[in-house]
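Below: sequence and its predicted model.
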Amino acid sequence: MVLTTPLHPRLVELNESQLWQHWAGYLSADRYDLSARQEYTVLRNAAGWFDTSPLHKYSIRGRDAERFLSGVFARDIRTCRPGRAQYTIWCDDRGHVLEDGVVFRHSSDEFLLTSAQPNAGYLSSLVGKLDVEVLDVSTQWASLALQGPKSREILATLAPEVLDLAFFALTPAKVEGVPVTISRTGFTGDLGFELVIPADSALVVLDAIIAAGKPYGMAPFGNVALNMARIEAGLPLYGPEFTSARYAFTDHDRFTPQELGMGWLVKNLDDDSRPFIGRRALQREAAEGSARWATVGIVVDWRAYHETYESNGLVPPKDSEPVGWETMLYDDEAERAGYATSYMYSPMMQAHIGIARVRPELASLGTTVHVETSVNHRYVNIPARVSALPFFKPERKVS
Amino acid sequence: MADTQYDALVIGGGHQGLVHAAYLAKGGLRPLVLEQRSFIGGAAITEPLHPGFSFTTFSYGLSLLRNEVIQELELVKHGFMPLFMPTTFAPMDNGDYLYMTADHELNLKEIARHSVRDADAYERYNHDFSRVQQLVKPIFDRRPPNFWSDRADDKDEIAWLLGHLGSADKKVIHDAVRLITGSAADFLDDYFESDIIKAHLAGSGIIGTKVGPMSQGSGLVMLYMGMGEHDGDMGSWSFHKGGNGGLTQVMARAAQSFGAEIRYGAVVDHVIVENGRAVGVMLHDGVELRADTVVSSLDPRHTFLDLVDPRELPSDLVEDVRRFRFQGTASKVNFALDGAPKYPALGDRTDMYRGFVSIGPSIEYLERAFDAAKYGWYSEKPYLDACFQSFIDPDMAPPGKHVLSCFTMYTPYELRGSHWDTERENLGDTVQRRLEEVFPGFSDLVLHREVVTPLDIERTTGLSEGNIYAGEFLLPQMWAFRPAPGYSDYRTPLEGYYQCGSGTHPGGCVIGSPGRFASQAVLADRAER
């Protein structure tokens, strides 16, 4: 029997489309509205909320918690002060990424980690003699993302603390008397917040947020709209962009942070002597320049796209639902340039965009790559140019 | 004092003037846009006419703006943001409704509720209509050939056109001719039996034009209104963030980023012509501006009969422009509302307000609304193309409040035995009464009302007789005949004087093409010199 989240009673009421997927064993809405593009539009222009409760949540606490995590995570956790959150990754000893997640630091010795995959066994196996406790607290908490340009205004009516909450900061607050943790985080590339709420009081908080958001046109959004938003934000997703190196059969499915466009997380290794898993491999890669791939954005040439379809008697399709497979890319000599891991038509960008992995020498902005697609049941290549990530980066996200 | 620092003077800061100036600047010229008011936008403006509420005073929707303009002028970088409208809602007099959503197959069920046969008819209709759009689009998106010129590029265009039509399917050509010359009602009758479905589709055949759905010519308007596209959906409409005033702000930022400048409060008295050549403009306040190129984005009447001395022009052009029909018949009634109105059959639901709400439940209703206009009066029961814009863009009204834009047909510019200054509020009452019938309790929600008649459109924007397209959508005034045969290539008989307004092909609506095509003519001529 598929599981349901603490917010489920409201999800069911609101899900007009009755389209769901299974996420980490839970029912999770693909879309609530009849149109995912509508949810996306509301998210980008007003505000939307998303039930993130299926995420795995781990409490990591103890005198040595910081020391422990600084050896597990590739990003230096010591730079994350209490009251802050940090996006992080962890690697294997060859410097290949195992997973990513967001860690919330409540105090000097108390952390909460959220991740897409189960990690309790792996984390516990690394504790050794350290004074650290790793607890799976996934079912104790519901979690909820409130995102979009109006999210702050809406949430401030319930928790004024958010008005001066900085990007990636977190604060305890009370909503309808329920103690929650609010962080200025999210997966949409926009201004937004996430709430961690005691599971048994989660509906009370959600109902208060729904009521507060109604005058602002807020609406729930599902996985499709979230996927659109995070591609525009250039945020990698476990699944399309990478899977754990631990479970890969070949190195074709193992990637270093540098190859995934996450090099910025580990760029100052010479400044810190911190031992962590994969450190030496990452330093070697940096020194040798041996990364096989660069992660870039691609933007398809709109005119060539139109001409390709129109000259074949077709109306150019512009499907904003991200495609569920890899899209092959070629260079000017028709040699393999790489592949797009995520690809969609972006209404905000008015173009087909993708997150792509290309040969490092093709990574400079403006380089032409050719996107393989099929028209009238034949493969055709349509030119695109390499562009910076993220595609979408409003000032309000961090201001 | 003559000021000669600009290469081109663009008269009018509406969307065509802005697009045109942006292209000129992108092409390396230094254009100056002359706007008579203290803000840009022309008929595409958004105004805070009631505290906290934004009104799209005139133009209120977006569909036809060309991809070329969006992309070439990099509008996305400057804030271009069309907001998807996922619904259309058509209330009926018996309390029922037609409610179309973003779920195509659910729409077929909704249609079947009114007529089971019309569900698959809707599929056939959409496909046939799309194929006509496909045939027309390449013609629509090229400058029309001048059939009476000796220029090589005109000969090339004519050859291309013959080839294009020659390769088209017989049925598609025939459907195109039926739409272009026939009535919306006749075309729809071939497919549908349900009144509400026919009326829902025929509404776009009468927008802004003095034709009824049964008049020949309404098919042309219906086809024109289908020539837009959003995100791959042909004929779909959106609401730009902040209304079309938000869009013209985006266009102004784009134009300025390329180097165009805008001067406000600059009312042009006339174009200065010396030896048959335009050399500048004289402003009302006596300031003289000089430039090699002068471009009018105003309608053909202003461009040829007001800004220049018609005696400088060939008499065939003057005659054609004199008989060019404007006869505005559309008004806007805009409301600030204290809350959302209720549609009795749907209780407290408001999801059907996220797109156009079309009040005109049958072809006969629309045709009878037209009858009044034929005899110089406005409809007792008007056709309303309404939109609760704050449901699409919450920034249009304070939280929980709403704005309603009501495009109203038919309200002829010339009233028999009266005047719009007398009838303005009576029209407002007529529209409000109709809304009260559809949404009982509507009047209690009204905080503010603004009635914009064709006379007001003319007075404020300068559009002759308040025609929203800068000239009627009638076949003899379209394409190579817009604004007059032989003068459709954005040039004028006066060297250095050009036209880039909606009175040229494929103008009308927020489309951008005339501004773009005219820039090509200006830049090509300068390159030749």
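Good, I have the coordinates.

hey, let's count contacts and neighbours off CA atoms from now on
Will do.

Quick check: the residue of chain A nearest chain B.
residue A:215 (4.2 Å; Cα to the nearest Cα).

you'd agree that residue is in a helix?
Yes. Per DSSP: H, G, I helix; E, B strand; the rest coil, residue A:215 lies within a helix segment.

Please list the residues of chain B that sit near chain A.
Within chain B, the positions lying close to chain A (Cα under 8 Å from any Cα of the partner chain) are B:71, B:76, B:81, B:83-86, B:101-103, B:134, B:231-233, B:391, B:393-394, B:399-401.

So which of these belong to helices?
Mapping those onto helices (DSSP state H) picks out B:71, B:134, B:391.

ok so, going back, burial of the residue of chain A closest to chain B, as a residue count?
18 (other Cα atoms under 10 Å in any protein chain shown).

And the contacts of the helix or strand containing residue B:90?
Using DSSP states H and E, residue B:90 falls within strand B:88-91. With contact meaning Cα atoms under 8 Å, 6 or more residues apart in numbering or on different chains, strand B:88-91 is reached by B:97-101, B:196, B:200, B:352-361, B:438.

likewise stretch A:383-398?
A:149, A:166-167, A:189-192, A:232-235, A:296-301, A:304-305, A:349, A:363-371.

Likewise for stretch B:110-126?
B:98-100, B:108-109, B:191-194, B:196-197.

What pairs with the strand holding residue B:90, parallel or antiparallel?
strand B:97-100 (antiparallel), strand B:356-359 (parallel) (DSSP bridges).

before we move on, the earlier item: neighbour-wise, which of the ones in helices among the residues of chain B next to chain A leads?
Neighbour max across those (other Cα under 10 Å) = residue B:391, 26 neighbours.

surely that one meets residue B:402?
Yes. Counting by Cα atoms under 8 Å, residue B:402 is a contact partner of residue B:391 at 7.3 Å.

what's the helix or strand for residue A:207?
helix A:202-213.

Any part of the next helix or strand after that helix near chain B?
Using DSSP H and E, the helix or strand that follows helix A:202-213 in sequence is strand A:219-220. No. Counting by Cα under 8 Å from any Cα, chain B has no neighbours in strand A:219-220; the shortest distance is 11.2 Å.

So among the residues of chain B next to chain A, which ones count as buried?
For the residues of chain B next to chain A, a burial check counting by 16 or more other Cα atoms under 10 Å in any protein chain shown picks out B:71, B:76, B:81, B:83-86, B:101-102, B:134, B:231-232, B:391, B:393-394, B:399-401.

In strands only, show me these.
Those of these mapping onto strands are B:83-84, per DSSP state E.

Doesn't residue B:515 belong to a helix?
Yes. Using three-state DSSP, the assignment for residue B:515 is a helix.

who touches the closest residue to it other than its chain neighbours in this structure?
With sequence-adjacent residues excluded and distances taken as Cα to Cα, 6 or more residues apart in numbering or on different chains, residue B:515 is closest to residue B:20, at 4.0 Å. Contact analysis of residue B:20 by Cα under 8 Å, 6+ apart lists B:10, B:500, B:512, B:514-516, B:518-519.

which one of those residues has the most neighbours?
residue B:500 (35 neighbours).

Point out where the stretch 1-150 of chain A drops to low pLDDT.
The model of the stretch 1-150 of chain A has no residue with pLDDT under 70.

got the residues of it near chain B?
A:34-35, A:37-38, A:41, A:45-46.

switch to 10 Å and redo it
Within the stretch 1-150 of chain A, the positions adjacent to chain B are A:17, A:33-42, A:44-46, A:150 by Cα under 10 Å from any Cα of the partner chain.

Now the stretch 101-250 of chain B against chain A: closest residue?
residue B:232 (4.7 Å).

That residue: what's its closest spatial neighbour, skipping adjacent residues?
Nearest non-adjacent residue to residue B:232 (Cα to Cα, 6+ apart): residue A:318, at 4.7 Å.

To what extent is that neighbour buried, counted in neighbours?
So residue A:318, with other Cα under 10 Å, has 18 neighbours.

Helix or strand: which one has it?
Going by DSSP H and E, residue A:318 is not in any helix or strand.

could the ones in helices among the residues of chain B next to chain A be laid out in TSV, adding pLDDT?
Rendered in TSV, the data for those read as follows (pLDDT from 0 to 100):
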residue	pLDDT
B:71	98
B:134	96
B:391	97
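
Show me which of the residues you listed is closest to residue A:5.
The closest of these to residue A:5 turns out to be residue B:391 (Cα to Cα; 29.9 Å).

Next, the contact list for that closest one, please.
A:215-217, B:85, B:340, B:350-355, B:397, B:400-404 (Cα atoms under 10 Å, 6 or more residues apart in numbering or on different chains).

One more pass at 8 Å, please.
Per Cα under 8 Å, 6+ apart, neighbours of residue B:391: A:217, B:353-354, B:402.

Mark which of those are buried, thanks.
Here, 16+ other Cα under 10 Å leaves A:217, B:353-354, B:402 buried among the contacts of residue B:391.

Reformat those as CSV; add pLDDT.
Below are the buried ones among the contacts of residue B:391 laid out as CSV (pLDDT from 0 to 100):
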residue, pLDDT
A:217, 95
B:353, 98
B:354, 97
B:402, 97
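
ok, back up a step: can you show me the CA trace of the strand holding residue B:90 as PDB?
Presented in PDB, the C-alpha positions along strand B:88-91 are these (Å, rounded to 0.1, in the frame of the first residue of the first chain):
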ATOM      1  CA  THR B  88     -12.500  30.300 -21.200                       C
ATOM      2  CA  PHE B  89     -16.000  30.600 -19.800                       C
ATOM      3  CA  ALA B  90     -19.200  31.300 -21.700                       C
ATOM      4  CA  PRO B  91     -22.300  31.800 -19.500                       C
END
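
So in terms of bridging, what pairs with residue A:369?
With DSSP bridges as the rule, residue A:369 is bridged to residue A:384.

Quick check: it touching residue A:327?
No. Using Cα under 8 Å, residue A:369 is not in contact with residue A:327, being 11.8 Å away.

okay, these two: which has more neighbours?
The neighbour comparison of residue A:369 against residue A:327 (other Cα under 10 Å) goes to residue A:369, with 29 against 17.

which ones are touching the residue of chain A closest to chain B?
Per Cα under 8 Å, 6+ apart, neighbours of residue A:215: B:399-401.

what about the closest residue to residue B:103 other than its chain neighbours, neighbour count?
With sequence-adjacent residues excluded and distances taken as Cα to Cα, 6+ apart, residue B:103 is closest to residue A:34, at 6.0 Å. By other Cα under 10 Å, 19 other residues sit near residue A:34.

where does residue A:34 land in three-state SS?
coil.

If you rank the residues of the stretch 1-150 of chain A next to chain B by neighbours, which is first?
residue A:40 (31 neighbours).

got the phi/psi numbers for it?
phi -60, psi -40 (degrees, to the nearest 10).

Now for it: which residues touch it?
A:221, A:225-226, A:228-229.

So which of those wins on neighbours?
Counting by other Cα under 10 Å, top hit in the contacts of residue A:40: residue A:221 with 29 neighbours.

looking at it, that one is touching residue A:31, isn't it?
Yes. With contact defined as Cα under 8 Å, residue A:221 reaches residue A:31; the gap is 6.0 Å.

which residues are in contact with both of the two?
In contact with both residue A:221 and residue A:31: residue A:39, using Cα under 8 Å, 6+ apart.

of all of the stretch 401-529 of chain B, which residue lies closest to chain A?
Closest point on the stretch 401-529 of chain B to chain A, by Cα to the nearest Cα, is residue B:401, at 7.7 Å.
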